[in-house]
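1. just a sequence and a predicted model for now, questions to come.
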Amino acid sequence: MNVAFAEAWTTFGQALSFTVRHYPVVAGFGILASAQRFLAVGGGERFAWAGGVAGEVFTTAVRMLFVLWVVRALFRGSDAGWSQVGPRFSRFVDAHTGMLLASAVLLVALTVVAKVIPAAVAGALPPDAHTTFVAWELAIKNVTVIPFTIVWMTTIAQVAILGGTGSLALAATARATT
């Protein structure tokens, strides 16, 4: 299980490194979603449109464009054809189930930090401060946690489909030393 967590932390680190290196682009996409979320929650009647269908369609479109950008950036120059994606991914899942489970544990921990703790804080606030807190919380998460999670899950897919020097090499080294 130590190997599984080592692999999970390695892909987490790879995703964090990618996010930091490309943060101007990550923030650019995130700011658009943040503005919509902030206005939808804290904008009052004047910005009611932001909380409606138009606002949700806008944020969904921004996130889909971000996912496309991340996939393009992480898979640029890859040699895997579409016919190879399924078999490579299946082999990875079979060989690295522990890493995927460990990544799920890390994702739950990230959820506790980014969702459960802020929700507890928001619940303790008076009603007038609650709306402002939630608006800022959503605005901040849209430039931090949400894009990072997208990058992280795409990084796991990249390692699964293309292999790589990160997690797979770490696993081989860990197995050789134990």
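-> Great, that's in hand. Please read all numbers here as calculations on a predicted model, not as lab measurements. Numbering: from 1, shown residues only.

2. and stretch 14-34, what's its mean pLDDT?
-> Per-region confidence: stretch 14-34 scores 96 on mean pLDDT.

3. so for it, first residue to last residue, what's the gap.
-> Across stretch 14-34, the terminal residues are separated by 25 Å (C-alpha to C-alpha, to the nearest Å).

4. what's in contact with that stretch?
-> 58-59, 62-63, 65-66, 69, 73-74, 138-140, 142-144, 146-148, 151-152, 154-155, 159, 166-167 (C-beta atoms under 8 Å, 6 or more residues apart in numbering). The way it works is simple: take the backbone N, C-alpha and C, and place the C-beta from them, glycine included.

5. make it 7 Å
-> 59, 62-63, 65-66, 69, 73, 139, 142-143, 147-148, 151-152, 155, 166 (C-beta atoms under 7 Å, 6 or more residues apart in numbering).

6. for the protein, what helix or strand is lowest in average pLDDT?
-> helix 167-177 (a mean of 43; mean pLDDT, DSSP states H and E).

7. residues contacting the residue positioned nearest the centre of the chain?
-> Relative to the mean C-alpha position of the chain, the nearest C-alpha, by C-alpha atoms, centre = their mean, is the one of residue 149, at 1.0 Å. Contact analysis of residue 149 by C-beta under 7 Å, 6+ apart lists nothing.

8. what does residue 38 give?
-> With contact taken as C-beta under 7 Å, 6+ apart, residue 38 is in contact with 135, 138-139.

9. repeat the analysis, applying 6 Å as the threshold.
-> By C-beta atoms under 6 Å, 6 or more residues apart in numbering, the residues touching residue 38 are 135, 139.
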